[in-house]
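Undergrad: this is a predicted model, with the sequence first.
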Amino acid sequence: MKVQLSLYAKNLPKVTSLFQGAANPYAVVKTLSEDGKAVDVGKTEVVTKTLDPTWTTRFILEHDFETTLHVSVAVFHKDDKGEPKPMGSALIDVVTVADSKPFTVSKGMKGGGE
């Protein structure tokens, strides 16, 4: 079965300096199999100057629902002058999302935000 994943975040923590303004967040998505293997799925685009991004990038995941599949989402601030800065992360159980209506789940992130 194919699962389409789209992402948004709210109330991300401010990780920029006082003079930089809001963040430029993007998300990195990985799947984690039952045996703990992490597989890179991809990255979203950078949404500029916001702590409440809605990304347009969609990810299509293949899953048979006979096994557990977790999706790891890590959000970073794109800093043109240095290394990306972590803003938060979450682990999502694909079966939990598929069992919810309308197939949406809100998850608090480590590091802040939702």
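TA: Everything's here; your move.
Undergrad: where do the strands sit along the chain?
TA: Per DSSP state E, the chain carries strands over the ranges 2-8, 25-32, 38-43, 54-62, 70-77, 85-93.
Undergrad: could you dump those strands to a markdown table with distance to S17, mean neighbour count and mean pLDDT?
TA: In short, each C-beta sits where N, CA and C put it, glycine included. Output for the strands of the chain, formatted as a markdown table (distance: least, Cβ to Cβ, whole Å; neighbours: other Cβ atoms under 10 Å; pLDDT from 0 to 100):
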| stretch | distance to S17 | mean neighbour count | mean pLDDT |
| --- | --- | --- | --- |
| strand 2-8 | 25 | 14 | 87 |
| strand 25-32 | 16 | 20 | 96 |
| strand 38-43 | 24 | 12 | 96 |
| strand 54-62 | 24 | 13 | 93 |
| strand 70-77 | 11 | 21 | 94 |
| strand 85-93 | 10 | 18 | 92 |
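Undergrad: got the ones you listed as CSV, with distance to K14 columns?
TA: Converted to CSV, those look like this (distance: least, Cβ to Cβ, whole Å):
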stretch, distance to K14
strand 2-8, 18
strand 25-32, 11
strand 38-43, 22
strand 54-62, 18
strand 70-77, 9
strand 85-93, 9
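Undergrad: next, count neighbours for K81.
TA: Number of residues near K81 (other Cβ atoms under 10 Å) recorded here: 5.
Undergrad: beta-bridge partners for the residue sitting nearest the centre point of the chain, please?
TA: What sits nearest the mean C-alpha location of the chain, by Cα atoms, centre = their mean, is V73, with 3.3 Å. Residues in a beta bridge with V73, per DSSP bridges, are V29, A90.
Undergrad: for K2, same thing?
TA: Here K2, judged by DSSP bridges, has bridge partners E62.
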